[in-house]
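Colleague: model this:
(chains A and B)
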Number of protein chains: 2
Amino acid sequence: MNVGIVGLGLIGGTIAKSLKNSHNISAFDISKETLTYALEHNIIDKSYHNIADFFRDNDVVYLCLYPTSIVNFIFQNKSSIPNNSVIIEISGIKNHIIKEIRKLNLQNVDIIYTHPIAGSEKVGVVHSNANIFKNANYVITPVEENKKSNLNLAKKLAKEMGFLNVSMISPDEHDRIIAYTSQLTHVLSISLVNSLSTDLETRKFIGDSYRDLTRISMINERLWPQLFVGNKDSLLQMIDSFEIELNKFKKAIASGNSEKLSNLMIKSTKIRSKIEQGENDEN
Amino acid sequence: MNVGIVGLGLIGGTIAKSLKNSHNISAFDISKETLTYALEHNIIDKSYHNIADFFRDNDVVYLCLYPTSIVNFIFQNKSSIPNNSVIIEISGIKNHIIKEIRKLNLQNVDIIYTHPIAGSEKVGVVHSNANIFKNANYVITPVEENKKSNLNLAKKLAKEMGFLNVSMISPDEHDRIIAYTSQLTHVLSISLVNSLSTDLETRKFIGDSYRDLTRISMINERLWPQLFVGNKDSLLQMIDSFEIELNKFKKAIASGNSEKLSNLMIKSTKIRSKIEQGENDEN
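Modeller: Numbers count the residues shown, from 1 in each chain, chains lettered A, B, ... in the order given. The predicted model follows:
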């Protein structure tokens, strides 16, 4: 197949590398440097400077842009996208994107909404790495406009990229779950790091736990605000649920209630072990 | 040297394994099974059932018990501890332990307060593993009663165990920093897991970030309540500081203030990168 990639950053580059062996890969990117680099390093087979040519030559196009750019890109290039094009977008939020794209009233173009749950704190094609996708999760959120065959194509390609689980779920559910598993997780990590008092000589007191919990506080500050604001309601709800649990701790610590603290720990150990167990069962 | 270990659990067993090649290791434990296991697996050279013999034969004794048990142990065995004994305790909190031990009014016994910042969610000698200590941090909190030579001995032995940084710092500072780097970190991880709504089919949406942030929510529910309650004031203060940062996020998300979100992320990225940089510089 001819697979096109718009936006050759970390994820776009990783998609290219993951599919390069079995498909013809081409790319469109605003940065000429990026395209030159990708050609020189054999990450893509071909680069395009004309968007109409690019769409015409490809069987499927991955749109690997930030949320706000996805809608702009389609709006600006609407007239260059031929009938029956299949576009797979890969952003971390769904309802907001779907709503905005529906406003553009595209005809005869099938946009498949997907989310590869994988990444890195690093950005750009130079850090793309096919290992990022290995054994990770991939989610597709079908909408009624989608053709079944195109959903299946997105699924097939995700499997080829190395993803272990490819699930189909509603956009609502996706946004709610991702607000918990990904967005809240990043909010906590960042807030933990930002609450460091500068007078503490912290470095010599760091164990694996702090290291693990704060790694994702090194974060792409251009992408993530878009994801948080685009999924505002779900994320705020998840923060509220988290705060209820945090308050249980505060109360138990303040009153020296060790039994209550034990129970909170027994609960978390049980839930987390079950998650790990479930994952191992599938591998 | 003859090195004795009281309490052959995860840390006691790991100390034994880390020093076994260069010292004679013996142990005292309430569990006969544990001692038999340790002898059979060549983790210790000798086991004791009489505490007076144990102290008489050893040059230094590691007290690897839970915080509340440390004080009980010394109180109950006060008369069996010979003059000039050197005891190194290894619990995760300091001020509380020091205060309780001072009440026992020991004479001519030097207790060195230390904290190996390393561990595992697993418990017991069967999970002890010398790799846990490799390149980890070790903190000694001297008190005025300590002899300098004994502090240096504790430091020397920690280095022999494989610890990378061995720092000396006041008990107050230790408790404040550990409340942040370790205790708050565990509270957040547990609260994140416990705030999971049961109706979410979470497993398929998990990325490395959630996995990393929740690993330590599998926690020893007998040990950690003692650490939290024994360091109540510092921990509650750290939770408060964290909540201030979390509220900044909530406000920025609710008002869709992407610039504010970006700034919070730039801050965390900078702090966390600096910590990593500092660690790499030392290695």
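Colleague: now the spatially closest residue to A:Asn263 that is not a sequence neighbour: how far from A:Gly92?
Modeller: Leaving out its chain neighbours, the residue that sits closest to A:Asn263 by Cβ to Cβ, 6 or more residues apart in numbering or on different chains is B:Glu221, at 7.9 Å. In this view, the C-beta of every residue, glycine as well, is placed from N, C-alpha and C. Per Cβ to Cβ, to the nearest Å, B:Glu221 is found 34 Å from A:Gly92.
Colleague: ok, the two, which is more surrounded?
Modeller: A:Gly92 (25 against 19; other Cβ atoms under 10 Å in any protein chain shown).
Colleague: Now do the same contact list for the more buried one.
Modeller: Taking Cβ atoms under 8 Å, 6 or more residues apart in numbering or on different chains, we find A:Gly92 in contact with A:67, A:115, A:178, A:182, A:227.
Colleague: Now the first one: phi and psi?
Modeller: Translated: A:Pro67. phi -50, psi -50 (degrees, to the nearest 10).
Colleague: show me what contacts A:Gln107?
Modeller: A:Asn83.
Colleague: and if you look at the one 3 residues further on?
Modeller: Each residue near A:Asp110 by Cβ under 8 Å, 6+ apart is listed here: A:84-87, A:145-147, A:150.
Colleague: what do you get if the cut-off is 10 Å, keeping everything else the same?
Modeller: With contact set as Cβ atoms under 10 Å, 6 or more residues apart in numbering or on different chains, A:Asp110 has these partners: A:60, A:84-88, A:143, A:145-147, A:149-151, A:153-154.
Colleague: what's across from it in the sheet?
Modeller: Counting by DSSP bridges, A:Asp110 is bridged to A:Val86.
Colleague: Need the per-residue pLDDT for it.
Modeller: Per-residue confidence at A:Asp110 stands at 97 (pLDDT).
Colleague: List, out of the contacts of A:Gly92, those positioned next to chain B.
Modeller: Filtering the contacts of A:Gly92 for neighbours of chain B using Cβ under 10 Å from any Cβ of the partner chain leaves A:115, A:178, A:182, A:227.
Colleague: Got a quick ChimeraX command for the buried subset of those?
Modeller: Command for ChimeraX, covering only those of these found buried under the criterion 16 or more other Cβ atoms under 10 Å in any protein chain shown:
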select /A:115,178,182,227
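Colleague: What residues sit buried inside the lowest-mean-pLDDT helix or strand in chain A?
Modeller: Comparing helices and strands within chain A by mean pLDDT, DSSP states H and E singles out helix A:258-282 as the least confident, with a mean of 86. Using 16+ other Cβ under 10 Å as the test for burial, helix A:258-282 gives A:258, A:260-262, A:264-265, A:267-269, A:271-272, A:275-276, A:279.
Colleague: helices or strands up against it?
Modeller: Helix A:258-282 sits against helix A:232-254, helix B:185-194, helix B:208-214, helix B:224-230, with contacts defined as 3 or more Cβ pairs under 10 Å, 6 or more residues apart in numbering or on different chains; DSSP states H and E.
Colleague: how's chain A carved up into domains?
Modeller: Here the domain parsing of chain A from automatic domain parsing is A:2-169, A:174-282.
Colleague: In terms of mean pLDDT, which of the ones you listed ranks lowest?
Modeller: Among these, domain A:174-282 carries the lowest mean pLDDT (a mean of 91).
Colleague: how far is that one from where the chain is centred?
Modeller: Centroid separation for domain A:174-282 versus its chain: 18 Å, with Cα atoms, centre = their mean, to the nearest Å.
Colleague: Thanks again, I'm all set now.
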